[in-house]
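*Asks:* Here is a sequence with its predicted model. Questions after.
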Amino acid sequence: MKTPKATGRNFTFLPALLLGTFVAFLIPWLWSRRNFLQLGDPALVTGWWLFAVMLLLGAFNARKKLSMLPLGNASTWLAWHVAGGFLTLALFWLHTGALWPTGLYERVLTVLFYALSLSGIVGWIMQRVYPRQLSDSGVEVIYERLSAEIADLRERAEALVLDCTRETGSDTLARHYLETLHWFFRQPRFFTNHALFGGKKARAWHRQQCGAVRLYLSEAERRFLNLLTLLAERKTEVDFHYAAQTLMKRWLLLHMPLAAIVLLLVVWHILLVHLYAL
Amino acid sequence: MAATDTPTPITRPQRWDQPFGLDMTDADVARLLAQPEIAAIRVDRFPDRLPLREILRNDARLVRFQPGSLIVREGDYGNSAFLILSGKVRVVLPPGLPREMLGRHEVRQKGWWRSLAQLCKNRRVPEVRASEPSDATGLFRKGEGDTEHRVFLQDVPAILDHHKTAVLESGALFGELAALGRVPRTATMFAETDTELLEIRWQGLREIRRFDEGWRRMIDERYRANALQAHLRATPLFAGLDESTLTLLAQQTLFETYGAFDWHVSYQQLQGAEAVEHEPIIAAEGNHPDGLLLVRAGFARVSVKLGHGRRTLTYLGAGDQFGLEELYDAWCAGQPRLLETTLSAVGYVDVLRVPTDALEKSAFPKMSAPPRRLAAAADRPLAQDAMLEWLVDERFINGTRAMLIDLDRCTRCDDCVRACASTHDGNPRFIRHGKTFDHWMVANACMHCADPVCMIGCPTGAIHRSEAGGTVVINDQTCIGCSTCANSCPYDNIVMVGIRDVRGNAVIDPRDQKPILKATKCDLCSGQLGGPACVRACPHDALQRVDFRDLTVFGNE
């Protein structure tokens, strides 16, 4: 039996996806050029087109809520959502004719739209990068159980230190634990380092702390220290899970409210345009 | 709390610590020993450690059925056989009774509006049931003594008028093939009159068959007459043989069982290399093959010795054979050949041994050379087979629709869990957690096993295979919450939940104030449009439902 390959991701519709996105941009672009040459106002058409694509992007969230209906695979929806996201950027520039429009309201809208697009791109990249790193960590813990896992590791570390003191009669390891490692085991640590650099600093830190005390330990105490080091290594992996899973869950808490606000502002923008500008 | 090295003394568990029937008295056993079918058994053939009297006391029980009470249902899995002591039992002949009459329910696929209505129907509290189970079916009531839960047929005279049936009377044995062969019951049986039966669990039946020539002959002949020839005919290996040759082979075929029927117990206790060591050997590497082995039910591991352990080359399931290459080569060369691999039972295996003589005389001259399946397997790099080894060790090979998650893609977003909850009373039917290998996770979701241990012992037949697709489903209305299925599932994929009424209050039994429980598990979204919601809800194509018997799910050989 060969080693299993990644399965399931369906790229058979990729040509359709690329073609559809291209056409969805080409139509308003051609229209706006023709309209511009005829001294018309192409912004009206590109604006409505942009709004329609934004609504379709928002429909992805509705699809998630309607999982009981055969509305197609969420993976297909996501692919269109990502492609549509890039399309909105292009349509936005086509509509405004600039990276940075004039007018306070439009600028606020632009800032929020860019923030929305950026959060989408960052989220998409995170979803492509973190899962592989998480599975490579060799640890798999459900997000809701991470705090219990950390508490369990802390209890085991403390039990080890107490056993060491009881068995060897020396409190060197216990003192060192209280001064340094206790901080590490108490809660998730090195969040930013885990999120951005894979937790190298966390590993270096606990290696340093465990190494610093080794010189002063007897052979019997070192056996306990070795076990403590193993627990610290696992804690590092759990911390990485905490950081990565937190980000993968919480970026949506930024992306979705931003999407809702942008859609509301766009609706208001359309109303204003139709009431006063036309 | 840290573990201590002080051992905890307990009395070593014995085979009969938990007898099948708790109320078998000396008088009952004496009465049974006087029963003609049992009196004919030669008690002196039984070893001292397994006397017939103790087998009857511990592996059998007396059960009484009222008229109309179902004894076994077609399609159920059972681990016991029945001997009629008094009364009449009716066998329903094909085409059998309608499924609704047996307490089954057919899942009807929802339309768009009913599917959409789930959005509004899902309540804030999970597991709300609109009605009591007994109100809904009308089939379900407690049996004699108020201790057994049984399904009763509503109108026995009408059934006798409209369906073909046959009568079994005192002294008849039934259900032994399903009990020993771990195959579904082939017919429905119900009590026509007040009936007393001796129910013998498979362990006791196995011993009686082993030590008593008469019972062995009776059971084997019945199998030979009812199923063996059809089984041999369905074996691709014998596809070219004529009817007379098949009859000849059937007459000489031996029946063997290996491993424990309730293998989930040992599975939960032993894992990895230790489990391999404890697997019963069916045929050992280096021995002379004394017959072709055909797997009738269960799974077996084909392995070779490697270093200090055993390397799994492949596994066999129902319909597969072992030893053919060596036997055929030996026949061609005219010299004996030793087995190159070991066959061991993964859990419970039921095999047919077709003797070498019979094959050489009847089958080989009419057969072409068999394909060499394992020749290249042993030359593969070890790492290539690590996944297979894991699948066999964990018994995931049993799964026909296991939930496999590619962790390299899974963003842990739980969209699959939410989709499952929204289609199942607000409570997901699986946990996105499970055993992992490399970047694969087999999540705690019902695998709809080829060998569904969970279905053995369900007192009301609530857990059953659906007619369409063979999905293992639970009829919520006939589930009595006894937890037998949840305790039997080796993979912990069945969850008992407390149900609530429409006001959201917990439903309790007024007699003991305990909550009413229901068994819940993945039903592959039977009745939902578009198939399993979990698969469709995954935005990253990380989740699949796979049949581990078909290794091409990984794009492999």
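*Replies:* That came through fine.

*Asks:* nearest residue to B:P355 other than its sequence neighbours?
*Replies:* B:G291 (4.7 Å; Cβ to Cβ, 6 or more residues apart in numbering or on different chains). C-betas here are computed from N, CA, C, even on glycine.

*Asks:* And B:A358, by the same measure?
*Replies:* Here the residue nearest B:A358, using Cβ to Cβ, 6+ apart, is B:Q252, at 4.3 Å.

*Asks:* Helices of the stretch 151-278 of chain A, residue ranges please.
*Replies:* Using DSSP state H, counting those that start in this stretch, the helices of the stretch 151-278 of chain A run over A:172-176, A:182-186, A:191-197, A:200-214, A:219-272.

*Asks:* Pipe those helices into JSON lines and attach distance to B:A227 per row.
*Replies:* Shown next, in JSON lines, are the helices of the stretch 151-278 of chain A (distance: least, Cβ to Cβ, whole Å):
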{"stretch": "helix A:172-176", "distance to B:A227": "68"}
{"stretch": "helix A:182-186", "distance to B:A227": "62"}
{"stretch": "helix A:191-197", "distance to B:A227": "60"}
{"stretch": "helix A:200-214", "distance to B:A227": "62"}
{"stretch": "helix A:219-272", "distance to B:A227": "52"}
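
*Asks:* For chain B, which of those helices is the nearest?
*Replies:* Nearest to chain B, of all the helices of the stretch 151-278 of chain A, is helix A:219-272, at 5.1 Å by Cβ to the nearest Cβ.

*Asks:* That closest one: how far from the chain's middle?
*Replies:* 7 Å (Cα atoms, centre = their mean, to the nearest Å).

*Asks:* got the angle between it and helix A:200-214?
*Replies:* 160 degrees (axes from the mean of the first three to the mean of the last three Cα atoms, to 10 degrees).

*Asks:* sorry, back to before: is it true that the residue nearest to B:A358 touches B:L352?
*Replies:* No. Using Cβ atoms under 8 Å, B:Q252 is not in contact with B:L352; the gap is 10.6 Å.

*Asks:* Neighbour count for those two, which is higher?
*Replies:* B:L352 (22 against 15; other Cβ atoms under 10 Å in any protein chain shown).

*Asks:* Assign a three-state SS to the residue nearest to that one when sequence neighbours are not counted, would you?
*Replies:* Sequence neighbours aside, B:L294 is the residue nearest to B:L352 in space, at 4.3 Å (criterion: Cβ to Cβ, 6+ apart). State at B:L294, reduced to three classes by DSSP: H, G, I helix; E, B strand; the rest coil: strand.

*Asks:* B:L294 and B:Q321 touch, don't they?
*Replies:* Yes. With contacts counted by Cβ under 8 Å, B:L294 reaches B:Q321, the gap being 5.2 Å.

*Asks:* out of the two, which sits in the busier spot?
*Replies:* B:L294 (24 against 21).

*Asks:* so what's that one up against?
*Replies:* B:231-232, B:235, B:319-321, B:351-354 (Cβ atoms under 8 Å, 6 or more residues apart in numbering or on different chains).

*Asks:* Spit out the contact partners of residue 183.
*Replies:* Since you didn't name a chain, this refers to chain A. Contacts of A:W183 by Cβ under 8 Å, 6+ apart are A:R189.

*Asks:* that's the wrong chain, I meant chain B
*Replies:* B:V183 neighbours (Cβ under 8 Å, 6+ apart): B:77, B:177, B:296-297.

*Asks:* Now with 6 Å, please.
*Replies:* Neighbouring residues of B:V183 by Cβ atoms under 6 Å, 6 or more residues apart in numbering or on different chains: B:A297.

*Asks:* and what of B:E127?
*Replies:* Here B:E127 is in contact with B:425, B:427, B:497, B:499-500 (Cβ under 6 Å, 6+ apart).

*Asks:* Please repeat the previous calculation with a cut-off of 7 Å.
*Replies:* Going by Cβ atoms under 7 Å, 6 or more residues apart in numbering or on different chains, B:E127 touches B:425, B:427, B:497-500.

*Asks:* Take the residues you listed and write them to TSV, including distance to A:R156.
*Replies:* Converted to TSV, the contacts of B:E127 look like this (distance: Cβ to Cβ, whole Å):
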residue	distance to A:R156
B:D425	38
B:N427	33
B:V497	32
B:G498	33
B:I499	38
B:R500	38
